[in-house]
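**Q** One predicted model, sequence on top.
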Amino acid sequence: MITHPLKCDVVIFGGGVAGLWLLAELRQQGYQVILIENDQLGAGQTRFAQGIIHGGTKYALLGKITASSEAISAMPAVWRDCINGKGVVDLTKVKILADNQCMWSTAALSSKLAGFFASKLMRSRTDELVNSQRPEIFQNKKFKGKVYKLDEPVLDTASIVSALAEPHIDAIMHSASLPQWQSDSNTVFNIDDANGQTWQIQTGLSVLAAGQGNAAILDTLGMQQPQMQLRPLKMVMLRGALPEKIYAHCLEANVNPRVTITSHEDAQGEIVWYMGGQLAEEGINRSDSEQVDVAKKELAAVLPWLDFSKVQWACLDINRAEPQMEKGKRPDTSFIAEQQNIITAWPTKLALAPKLAKDITEKIIASNIKPTAAGKLPAFPHPDCAVLPWQEEQRWK
Ligand SMILES: Cc1cc2nc3c(=O)[nH]c(=O)nc-3n(C[C@H](O)[C@H](O)[C@H](O)COP(=O)(O)OP(=O)(O)OC[C@H]3O[C@@H](n4cnc5c(N)ncnc54)[C@H](O)[C@@H]3O)c2cc1C
């Protein structure tokens, strides 16, 4: 059997937002990099994301502004620069679903939340919208709550994946196996590509950005650390007879978003509402039909003047993959750990992909790995970009 040799400065495993952003950034620095993806690009968590580029208000809602969570407050500006062609990577082809989102409270909660929104912290992050400035559904006379504008954009995740991948597709290999490391080496491994060719890859460093797949790759290296935690979600989507596209969080008495709704389009261009927030966190032990029943009740409670009797419902089960935290808590920033030429990475949020890539790039620059003159790469098979889940018709059955 022929084994094709390939020498790189850096190999990245995983073609979600984290791996793709890093690939673009490292290639700009002149590194010879390849990214290895064993499925389709974006097929993991990235295509299931709501596409919200958080600026940290969620942490403010939880009453937890810490030094690390402040890191996220810079993210909307970083993404906007890239979308405007002035950033570290080129996102000019990314589709903006909404320039900003809103938060709404039901009448019962408005008075309880008034003090919170009047706080200095929230005044700098949100503006209350008068009736004419609100999304149409909140202009209804029956709506008695308040609406606030949140300066955080919502992006189409499929367009993020294609904008990052297309200029670098020559460096993205579609693999068909896990890496098999040469004994006592963390820098040389064999891997099969999707055409059945075997490559022997020699690399200065490997970055594991394979989301939930990081655990299996660490296993091939015999590494027990860092440990991973999975936090499942049961998201709900609905389509048909929806009034308009909305991008909004409904606030709870304890100021946790009760439900977060983003809007997308199915394969026929019909509006889809995609529901996350507490509903998705608490729904993980429910069956699909139980979760749909709860979602119906939630919408009847928070948007009571709308009729959802003619919509079609579906559920999506998906895990968030993150570093292990004490008591399985939510990490509040991106994560990297370096050991023996291996960096394991989880962005923990789509929004934090630029921070993750910057942290890794700085680590690589500070290490002994110097960019070799990045030459033309040999031909190998490339993966396709994954379709958005609400555009897969079988999920609606
Ligand atoms: C329902 C949901 C909604 C979310 N909404 C938001 C949001 O609105 N805003 C936000 O900021 N964050 C959000 N997130 C979080 C965000 O989606 C993730 O933090 C982010 O997408 C993780 O990106 P990633 O590249 O690390 O992982 P992934 O997107 O999971 O990508 C990992 C890739 O690695 C590949 N892979 C796996 N194993 C291997 C292997 N052995 N070899 C090669 N490749 C491999 C996979 O096929 C996949 O393509 C959401 C998450 C979920 C689940």
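**A** Sure, I can see it. All of these numbers come straight from a predicted model, not from anything done at the bench.

**Q** State the distance from the nearest residue to residue 87 once chain neighbours are set aside to the ligand.
**A** Leaving aside its chain neighbours, residue 87 sits nearest to residue 81 (3.7 Å; criterion: C-beta to C-beta, 6 or more residues apart in numbering). Bear in mind the C-beta positions are built from the backbone N, C-alpha and C, glycine included. When distance is defined by C-beta to the nearest ligand atom, to the nearest Å, residue 81 is 17 Å away from the ligand.

**Q** quick one: secondary structure of residue 81?
**A** helix (DSSP: H, G, I helix; E, B strand; the rest coil).

**Q** so it touches residue 89, yeah?
**A** No. Using C-beta atoms under 8 Å, residue 81 makes no contact with residue 89, being 9.8 Å away.

**Q** of these two, who's got more company?
**A** residue 89 (23 against 15; other C-beta atoms under 10 Å).

**Q** what's the closest non-adjacent residue to that one?
**A** residue 24 (4.4 Å).

**Q** Please confirm that that neighbour is located within a helix.
**A** Yes. Under three-state DSSP, residue 24 falls within a helix.

**Q** give me phi/psi at the spatially most central residue of the chain?
**A** Closest residue to the average C-alpha location of the chain: residue 350 at 3.1 Å, with C-alpha atoms, centre = their mean. Torsion angles at residue 350 (phi, psi; degrees, to the nearest 10) stand at phi -50, psi -40.

**Q** Would you mind measuring from it to residue 49?
**A** 5 Å (C-beta to C-beta, to the nearest Å).

**Q** next structured bit after the helix or strand bottoming out on mean pLDDT in the chain?
**A** The weakest-scoring helix or strand in the chain, judged by mean pLDDT, DSSP states H and E, is helix 120-123 (a mean of 60). Counting by DSSP states H and E, the next helix or strand C-terminal to helix 120-123 is strand 126-128.

**Q** Relative to that next one, what are the paired strands and their orientations?
**A** When pairing is defined by DSSP bridges, strand 126-128 lines up against strand 146-150 (antiparallel).

**Q** what element comes up after the strand it pairs with heading to the C-terminus?
**A** Downstream of strand 146-150, the first helix or strand assigned by DSSP H and E is strand 154-155.

**Q** From the contact counts, what lies against that following strand?
**A** Using 3 or more C-beta pairs under 8 Å, 6 or more residues apart in numbering; DSSP states H and E, the elements in contact with strand 154-155 are strand 96-98.

**Q** Just the CA atoms of whichever helix or strand comes after the strand it packs on, as PDB, please.
**A** Where DSSP H and E defines the elements, the next helix or strand beyond strand 96-98 is strand 101-105. Output of strand 101-105 as PDB, limited to C-alpha atoms (Å, rounded to 0.1, in the frame of the first residue of the first chain):
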ATOM      1  CA  GLN A 101     -31.800  41.400  18.600                       C
ATOM      2  CA  CYS A 102     -34.300  42.300  21.200                       C
ATOM      3  CA  MET A 103     -35.400  41.200  24.700                       C
ATOM      4  CA  TRP A 104     -39.000  41.400  25.700                       C
ATOM      5  CA  SER A 105     -40.700  41.000  29.000                       C
END
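
**Q** Could you list the paired strands of strand 101-105 along with their orientation?
**A** Using DSSP bridges, the strands paired with strand 101-105 are strand 146-150 (antiparallel), strand 248-251 (parallel).

**Q** Residues contacting that strand, please?
**A** Residues outside strand 101-105 that contact it (C-beta atoms under 8 Å, 6 or more residues apart in numbering): 52, 113, 126, 129, 134-135, 138, 145-150, 152, 154, 246-251, 257, 302.

**Q** so which of the residues you listed also contact the ligand?
**A** Restricting these to those near the ligand by C-beta under 6 Å from any ligand atom leaves residue 52.

**Q** if we can go back for a sec, need the overlap of contacts for residue 350 and residue 49.
**A** Residues touching both residue 350 and residue 49 (C-beta under 8 Å, 6+ apart) are 17, 157.

**Q** For the closest residue to the ligand within the stretch 201-350 of the chain, grab the count of nearby residues.
**A** Scanning the stretch 201-350 of the chain for the residue nearest the ligand gives residue 213, at 2.1 Å (criterion: C-beta to the nearest ligand atom). For residue 213, the neighbour count with other C-beta under 10 Å is 20.
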